[in-house]
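S.K.: model this:
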Amino acid sequence: MGTASSSQIPILRWTPEHGDPTQPLQRLSRPGLDLAVVPRAGIRELHLTLRPLPGEAPTALVTRLNNAIRDHAPGAAIVKLDVFGAVAGRQALLGALRARFGRLDWPVTWVEGEGCTGAPLAGLTVFAVAGASVETLLVDGRPAGRILEDAAARQVFLGDLGPADPAAAPADQARSVFERMEAGFAAAAMPFNRLVRTWFFLDRLLDWYGPFNAVRTAFYGQRNMLEPPPASTGVDGRNAAGAALTATAWAVEPKDGVTQVLGVGSPLQCPAPAYGSSFSRAMEIAGGGVRRLVVSGTASIAPGGETARLGDLRGQVALTMDVIRAILVSRGMRFQDTVRAVAYFKDAREAGAFEAWLGKEGLASFPVVVTRCGICRDDLLFELELDAIRPEPPAA
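M.R.: Numbers count the residues shown, from 1 in each chain. Now for the predicted structure:
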C-alpha cells in the first residue's frame, strides 16, 4: 500500500545471480499508486495498483492511471483491468475511462467490493504492456479479452465473463460461464487446457459454492484438466448484470520451446481438491526472462483442510500470510517480489489487522487493493491472492 508521502522506492537491480543487471526492476509507490515496471527483451510490463485518494473524482483517478502509463511505458496497451467498487459507481468510472482512452479495447471486470475505508471504490489493478503484440479479442462484436504475444509465449486474457442467461439457476449459470470461457479461448485459437489462472466472483457465494465446485470439477474433469487444475480465486461479489457470477481467465501457450508452466503446491496446506475445490495453490510461468508465480486466493486453512484460528482475525491474517510466504520461499521468492495483490475482508471494519501485519513486516508499500468481499466459508474472515515476479537468467 502506498505510503503517506510521495516517494520512489529505490530501484531493485537484477543482480548477475538473478538476471540481467542492465535491466532494472523499477518500483514506484505514492499515495494511491503502486507501480512495478518489468523490462525484458525490449518489452516493458506495467503492473499498476490504484486506490482512490480522499475525495478523488473518477476522472482524476483515471488521469493518474494515464499519466503512470505515459511516464513509464509510452504507448503501452492495457491488457487487463479489474475494478473493485460499488456497482453504483460503475458508469461514472467507465465514462472517465472512455473520456481519457477513447474506445475501450479491453473488457473491464467490475466486482462489487467496496473499500475498507468507507469509500465506494476500493481500487483498480491494471496490467499494461509496451513492445509486444497486443490484439483485441472480439466476441459477438464486443471486446471479450486481449491477446498478448512475444517470442516466448502467446497469452490470452478474458474478462467480464458472464452467463448467457442471468436468470437461470446459479449452477446452470456457472456451467454457461465455463462454456463461454472455453468458446472465448477457442475464438483466440487458444486450447482450453492452457488455462493457468481464473477468478470467480459469486453473488451470494455461501448459498451455492458447493454446486459451483461440482460444476467446475466436472467441467475440468471432462477435459482432463485436474492434474493440475489452474490457480484460482473464488469470493463473494455482486456484478452489474445481476448474474449469479462473473469471471476472468488467463491462458498461456509457450512457443519458444523453453517457457514452462508448472503447478505449485503449498508446503503448509493440503491440495484444495482434497476438500472439493478444483484449483491449484499456485502456478508458475517461467519464460521470457522472468518467473511469474501466481498464488491463488489463500485463507486460514489447516493442513487437514479445516478452518484454522476460528474467530481470531489477526490469527487468520498471520496464518494466511505464513502460508503464502511458504509458497513464495518454495519457489525462491519473497513478499518483496509481489507486483499485484488483492486482500478480501468479510468485515471491512477489520482491515486494520492486515495493515498492522504489513507494518510489522516492513511492507508499507505493498501493492494491494483491500476490499470487502465474502470468503468461501462463513468462518473465514480474510483471504489474499498475489502475483510475484523474479528475473530468470538465461539457460547456460
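
S.K.: from the chain's centre, how far out does the helix or strand containing Arg325 sit?
M.R.: Per DSSP states H and E, Arg325 falls inside helix 313-330. Relative to its chain's centre, helix 313-330 lies at 18 Å (C-alpha atoms, centre = their mean, to the nearest Å).

S.K.: where do the helices sit along the chain?
M.R.: For the chain, applying DSSP state H gives helices covering 58-72, 90-101, 170-187, 205-222, 313-330, 352-361.

S.K.: Mean pLDDT and distance to Gly242 added to the ones you listed, as CSV?
M.R.: Backbone N, C-alpha and C define where each C-beta goes, glycine included. Formatted as CSV, these follow (pLDDT from 0 to 100; distance: least, C-beta to C-beta, whole Å):
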stretch, mean pLDDT, distance to Gly242
helix 58-72, 97, 22
helix 90-101, 97, 12
helix 170-187, 98, 11
helix 205-222, 97, 15
helix 313-330, 98, 31
helix 352-361, 96, 30
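
S.K.: Can you say which of those helices is nearest to Val156?
M.R.: Val156 lies closest, by C-beta to C-beta, to one member of those: helix 170-187, at 5.9 Å.

S.K.: how about that closest one: buried residues?
M.R.: 170, 172-178, 180-182, 184-185, 187 (16 or more other C-beta atoms under 10 Å).

S.K.: returning to what we had before: same for the helix holding Arg325, what does it pack against?
M.R.: strand 290-298, helix 352-361, strand 382-391 (3 or more C-beta pairs under 8 Å, 6 or more residues apart in numbering; DSSP states H and E).

S.K.: do you know which of the helices of the chain lies nearest Ser266?
M.R.: Once the helices of the chain are compared by C-beta to C-beta, helix 313-330 is nearest, at 5.5 Å.

S.K.: Go ahead and produce PDB holding the CA coordinates of the closest one.
M.R.: Extracted C-alpha coordinates of helix 313-330, given in PDB (Å, rounded to 0.1, in the frame of the first residue of the first chain):
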ATOM      1  CA  LEU A 313      -9.000 -12.300  12.700                       C
ATOM      2  CA  ARG A 314      -5.400 -11.400  13.500                       C
ATOM      3  CA  GLY A 315      -4.600 -15.100  13.800                       C
ATOM      4  CA  GLN A 316      -6.200 -15.800  10.400                       C
ATOM      5  CA  VAL A 317      -4.300 -12.900   8.800                       C
ATOM      6  CA  ALA A 318      -1.000 -14.200  10.200                       C
ATOM      7  CA  LEU A 319      -1.600 -17.800   9.200                       C
ATOM      8  CA  THR A 320      -2.700 -16.800   5.700                       C
ATOM      9  CA  MET A 321       0.500 -14.800   5.200                       C
ATOM     10  CA  ASP A 322       2.700 -17.600   6.600                       C
ATOM     11  CA  VAL A 323       1.100 -20.000   4.100                       C
ATOM     12  CA  ILE A 324       1.700 -17.600   1.200                       C
ATOM     13  CA  ARG A 325       5.300 -16.900   2.400                       C
ATOM     14  CA  ALA A 326       6.000 -20.600   2.400                       C
ATOM     15  CA  ILE A 327       4.800 -20.900  -1.200                       C
ATOM     16  CA  LEU A 328       6.900 -18.000  -2.200                       C
ATOM     17  CA  VAL A 329      10.000 -19.300  -0.500                       C
ATOM     18  CA  SER A 330       9.500 -22.700  -2.100                       C
END
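
S.K.: outside of that helix, which residues touch it?
M.R.: Helix 313-330 is touched from outside by 264, 266-269, 281-282, 293, 295, 298-301, 308-309, 334-335, 337, 350, 353-354, 356-357, 361, 380-384, 386, 388, with contacts defined as C-beta atoms under 8 Å, 6 or more residues apart in numbering.

S.K.: That helix versus helix 352-361: what angle between them?
M.R.: 50 degrees (axes from the mean of the first three to the mean of the last three C-alpha atoms, to 10 degrees).

S.K.: Specify the angle between helix 313-330 and strand 290-298 in degrees.
M.R.: Going by the same axes, to 10 degrees, helix 313-330 makes 150 degrees with strand 290-298.

S.K.: Just the buried residues of helix 313-330, please?
M.R.: Quick answer for helix 313-330 (16+ other C-beta under 10 Å): 313-321, 323-325, 327-328, 330.

S.K.: Wait, Gly288 touches Thr259, no?
M.R.: Yes - the pair Gly288 / Thr259 is scored as a contact, 6.6 Å apart, by C-beta atoms under 8 Å.
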